[in-house]
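Asker: Sequence first, then the predicted structure, then my questions.
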Amino acid sequence: MIKRIFDWLKQPLGLIAVGIAFLALFSVAAYGLYTTQQAPAQPIQFPHQTHVAFGIQCLYCHPNAAKGPTAGIPAQAKCWACHQQIAKTQTSVLLAPLKDAVLSGTPIEWVPVAIVPDFVQFNHRAHIAAGKNCEECHGDMSKVTIAQNPQVMNMGWCLDCHVKNAGEDHVKLVKLTDCGTCHY
Amino acid sequence: MIRPEEIKLSSEENGKWGMVIDQDICTGCQACVAACAMENNISFVGEEDSGYGRAMHWIRIERFWEGEYPEVKMTPRQPMLCQQCGHATCEPVCPAFATVHSQAEQLNLQVYNRCVGTRYCANNCPYQVRAFNWRDYQRPEPLSNQLNPDVTVRRMGVMEKCTFCIQRIHKAQDQAKAEGREVQDGEFTTACAQACPASAIVFGRVDNPESLVSQLAHKGHGVKHLEELGTLPNVTYFKGG
Amino acid sequence: MSEQFSRRDFLKLAGVGAATTAILTGCGPASRYVKREPYMQMPEYNYNGQSTYYATTCRECAAGCGLIVRTMQGRALKTEGNANNPLNLGKTCARGQATLHGLYNPDRVTDPVKRTRGSASTTAVDWDAATQVVADALKNNKPEEIAFLMGMAPDHLFDLVTDLANTTGINAPVRFGALGMFESRATLSKAAENLFGEARMPFFDVGGAEVVLSFGANFLETWISPVSYTRGFVGLREAKTKLRGKFIQLEARMSSTAGKADEWLPIRPGTEALVALAIGRLASELRGGPMPRAFSSVDPLDAASKSGIKLEMLEHIAELFSGSHVALAIPGGSALGQSNGLTVAEAVLALNAVADNFGKPGGVYFSPLAPNQTAYQSPASAKEMQDFIQKMADGKFKVLFVHGVNPIFELPASLDFKGALKGVEQVISFATFPDETALESDYVFPDHHGLESWGYQRVITGSNQSVLSGSQPVVSPFYNTRATVDVLVTAAQLAGGAFATALPFKDEVEFLQSKVAPLMSEADGFFSAADLNTFMASFQQYGGWWKLSDGRGVPGTADVLNRNMDGAEAEFAGEGEFFLVPFVSPTLAEAGANKPWLQELPDPTTTVMWNTWVEMNPETAHELGLEDDDVVRITSEAGVLEVPVYRYPAIRPDTIAIPYGQGHTAYGRYAEKRGVNPTDLLVQHFNEAGDLAFAGVKVKIEKTRQEAASFPP
């Protein structure tokens, strides 16, 4: 049986079939890979640029960035504090999910954009304290609707900045390049 | 430009973080073992894997027998955990550089995302304190609600061991830095030391002569296990009496 | 599809394709995309990613240690001791650490249910119906037909039911727990009553002593208040102001506690009273003066030969007791679980009279009474449980409420609690976990887990101060459970009449405040406040209320030594050639078997995990042709068990020991069908105070052909 398949595959028609099968398989795999790289749909097409244009500071909605490890997604009560005073909230189709969530008391499920793997222990506080601005890592929010990562957040990117920041300070360099600073 | 690994800060001989364990008052109650498991997201492995010696205790209480009935004696209980050696035998054998020495904290690190599971480090550890994830151990829901978000949850094929609760070290350092001061002695401690009903475990800076742990460590009758191997362990034991 | 290419081959090829796709895509970094649910309304003082800490009380045993629980975003992450609480001063035992495995246990009772007794299938009822069921049970039965059986902790629920009983005439709540049975608590307080005229829990100041002589008290494991007694042990050992203390333990099997002793004396079970009196006599002789009546009839040489302890050793101990040392003798554990347990307790307490240590540092005190307590309340003895069970079997109770205790597992099978349940028309359980008793109940109305509950608990012993440990919910209830106090308060209102007037409360918190409010006017508190809200806020913040002064009482010593004491040996039930010593597992205790990490803690003496074993002297095992892991059949008058052997070098050759804690038939996936329960071997054999003579049983051993499943095989 197996031998007959090989014989059949060796003839020109068979080779073409193998080629087509390989291409089909490859495209399915590539498509699968592509889909996993796509962030799931956000519940609300949150317009960062609009909020920034109104002059709202990053830390107004993400205050814990300066206090602790995670910046956090604001509670919907915080959104509602402003939005319930805005007439458009009542009519806008785009804002309907917020209105529904608040009125029905169900949480909104956001998809975080800037995330690191579980084995990285990232701390926002230390970075803000070191004088970093939000946009240095997260990009210019006045230009995007849903937040996007301006760069791939991988270890090389972290370390490049850490080494640059340490400069000639040896103590700092050791601390900032120690595996145990981020991985535990 | 100088490379980080060429810089020597606090010396490996002196260490930085250390522990003193008083075996005379250790009652072997296992509170430290439980506290460690709860703090560090250690998986329980179940009856069968425990029988194969795969239980993943980062700290265990050793007890040995001396003599024969009726003059039989239990030796002083000996809590055994990673000794955070200055010259660790686990480090040079790791082909993936997952078992590395932290210059900043003077600890033996286990970098989970680098570990490929060769288990050379465990074979080379004279204290036998390393634990390997032989499977992806299950935590039926909702047990995972208890997981400590400050500690990575390990998966199959990864080596793990006591970290001296490095997440607590970082938290205390971060807190102190935010308040613009140094970390105080006794401000925080490891999970095992915090739980120990006998306060038999004392943790702190051994490179600070003022700290409780270094005063105890230099009391004279302390013993460092397998010191003759040149491992420069950072845990001092008091045998008793 | 060509005829050479079968369907099977196609499936294989498709499988390979699918696997390739999975491998290629599964490694993608974006497979990590997650969804996050932020708070709808951020609680006050909370920040994302920052922990909040709550003070509460540990409910894993009845000691009442204070806890600080770390929580984040509504989840409990870690328990630590409450450093303010004078009982445990920031420390916990292993069981306290593992309490989160109870809170997030996958096998909790999630909803109120109705069931046919013994059947696994249940029908859900809603809480309104459940409350109505309780109200009907209260209203439609005569008061004397209503009984409450509760756990050992003297907590706010016990006070509520006691109040209910006092006003409505229902039976007073009965408290029972296996730990109390193995500690012979009723014997301890009865001995105190006989000797000192007050039935109170004695407190042994181990920390202040220089010589401690313990007759079986396993105070470093589970005994009454192990965390605080461990602190005492550290005081004994640490040579700060005095000599490094000496510790001698007499018991047939070396417990984990005896493993820390300087001398372990393998005493023959049943001769403890004789030995205590002999030591008393020798010490009195050394001290000179007239021989006290208590010791006048005992012959030390006879005691030495019967107990298997050398006379020189008895003389040595007597010397320590009569000398300038601060000496302390503690009765406990298996020494009291004999037919003459009360005599043992009295004889050992009398030894303290020789050392003249009553009310002195390093001596015997009365434990302080808790802030809102007027008298010590001993949990029910096994004899009292026997009467209770008889009433159940006789149909005297129409409805039985069970809370915080699992009597089918905790009581010896020979008392037949399960059989007696048939005499009770309606059994309502408030169990948090699906334990054996909940399985035999008509209704299970689950209470919250301890970390989800309000409450307080009186501290029985362990601290110099008078302590009331407070509880508050550290997380919102995870399941559709309801506080039993809330259920009872609502049901009492529905039932009307005397019930409604007995519990005129809106909810649990209002009841709690009514009980705690009188403390506001008491002086000498850790904190005080002018109004109730401020007081309750501090009560929650600090995890309870306690007095600052030393509240220990001094036992009256008038004629402790001026009594006749009988050194007769204990009587044993059964004909076997081995003494059986059941002991409480130091890691599991009575309710830890459903917590996987407690199962995986090695036993401190044998290092066994996840199972039950029988300890046997290697010599005995050799004579019987037994190796480790060989299964033996152990037979007593009450039952038969098959257990694997563990050859234990520190046990008398004529004694075997089995840990208590495993052998569940219900109670969740980690506890079920694992090990055996040694209480199955215990017969109805009691001491003079009514406590079970659990160490007063003799058993036969037979080899079986089996070998326990051992790994590696």
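Answerer: Arrived safely, thanks for sending.

Asker: Find the residue ranges of chain B scoring beneath the pLDDT cut-off.
Answerer: Applying pLDDT under 70 to chain B flags the ranges B:1-12, B:241.

Asker: Which residue ranges of it form strands?
Answerer: Per DSSP state E, chain B carries strands over the ranges B:17-22, B:59-62, B:65-66, B:73-74, B:78-81, B:99-101, B:108-110, B:131-132, B:159-160, B:201-205, B:222-223, B:235-238.

Asker: Measure how the lengthiest helix in chain B sits relative to strand B:201-205, angle-wise.
Answerer: What stands out as the longest helix in chain B, according to DSSP state H, is helix B:166-178. On the basis of axes from the mean of the first three to the mean of the last three CA atoms, to 10 degrees, helix B:166-178 is oriented at 40 degrees to strand B:201-205.

Asker: follow-up on the earlier one: can you list the strands of chain B in TSV and add mean neighbour count and distance to chain A?
Answerer: The way it works is simple: take the backbone N, C-alpha and C, and place the C-beta from them, glycine included. Listed next are the strands of chain B as TSV, based on neighbours: other CB atoms under 10 Å in any protein chain shown; distance: least, CB to the nearest CB, whole Å:
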stretch	mean neighbour count	distance to chain A
strand B:17-22	25	11
strand B:59-62	21	17
strand B:65-66	12	37
strand B:73-74	20	35
strand B:78-81	21	16
strand B:99-101	24	6
strand B:108-110	27	5
strand B:131-132	20	15
strand B:159-160	22	10
strand B:201-205	24	16
strand B:222-223	14	26
strand B:235-238	24	18
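
Asker: Turn the ones you listed into CSV, including distance to C:Val399.
Answerer: Listed next are the strands of chain B as CSV, based on distance: least, CB to CB, whole Å:
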stretch, distance to C:Val399
strand B:17-22, 54
strand B:59-62, 47
strand B:65-66, 53
strand B:73-74, 50
strand B:78-81, 50
strand B:99-101, 63
strand B:108-110, 58
strand B:131-132, 51
strand B:159-160, 52
strand B:201-205, 50
strand B:222-223, 63
strand B:235-238, 58
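
Asker: Please name whichever of those is nearest to C:Ala252.
Answerer: strand B:73-74 (15.8 Å; CB to CB).

Asker: can you tell if the closest one touches chain C?
Answerer: Yes: Strand B:73-74 lies within reach of chain C by CB under 8 Å from any CB of the partner chain, at B:73-74.

Asker: just stretch B:17-25 next, same as before
Answerer: Yes: counting by CB under 8 Å from any CB, contacts between stretch B:17-25 and chain C involve B:24-25.

Asker: next one: that stretch to chain centre, how far?
Answerer: Centroid separation for stretch B:17-25 versus its chain: 12 Å, with CA atoms, centre = their mean, to the nearest Å.

Asker: can you check stretch C:315-329 too?
Answerer: With CA atoms, centre = their mean, you get 32 Å for stretch C:315-329.

Asker: likewise stretch B:64-74?
Answerer: On CA atoms, centre = their mean, the centre of stretch B:64-74 falls 29 Å from that of its chain.

Asker: How about residues contacting it?
Answerer: Here stretch B:64-74 makes contact (CB atoms under 8 Å, 6 or more residues apart in numbering or on different chains) with B:63, B:75, C:254, C:259-260, C:264, C:266, C:605, C:617-619, C:649-651, C:653.

Asker: Between the two ends of it, how far is it?
Answerer: By CA to CA, to the nearest Å, the extent of stretch B:64-74 from end to end equals 6 Å.

Asker: Next one: residue 1, what pLDDT does it get?
Answerer: Assuming you mean chain A. Predicted confidence (pLDDT) at A:Met1: the value is 74.

Asker: was after chain C, sorry
Answerer: On the pLDDT scale, C:Met1 gets 39.

Asker: Provide the secondary structure category for the closest residue to C:Gln41 other than its chain neighbours.
Answerer: Distance criterion CB to CB, 6 or more residues apart in numbering or on different chains; nearest residue to C:Gln41, sequence neighbours excluded, is A:Ala77 at 4.3 Å. At A:Ala77 the chain is in helix, as set by DSSP: H, G, I helix; E, B strand; the rest coil.

Asker: Verify the contact between A:Ala77 and C:Met40 for me.
Answerer: Yes: the pair A:Ala77 / C:Met40 is scored as a contact, 6.2 Å apart, by CB atoms under 8 Å.

Asker: Identify the contacts common to those two.
Answerer: A:Val102.

Asker: So for the one helix or strand A:Ala126 maps to, what gets flagged as buried?
Answerer: For A:Ala126, the host element (DSSP states H and E) is helix A:124-129. Going by neighbour count (16 or more other CB atoms under 10 Å in any protein chain shown), the buried part of helix A:124-129 is A:124-128.

Asker: Ok, stretch B:32-51 next?
Answerer: Across stretch B:32-51, burial judged by 16+ other CB under 10 Å covers B:32-47, B:49-51.

Asker: Could you measure from the spatially most central residue of chain A over to C:Asn105?
Answerer: The structure's chain A has its C-alpha centroid closest to A:Val113; by CA atoms, centre = their mean the separation is 2.0 Å. Using CB to CB, to the nearest Å, A:Val113 is found at 35 Å from C:Asn105.
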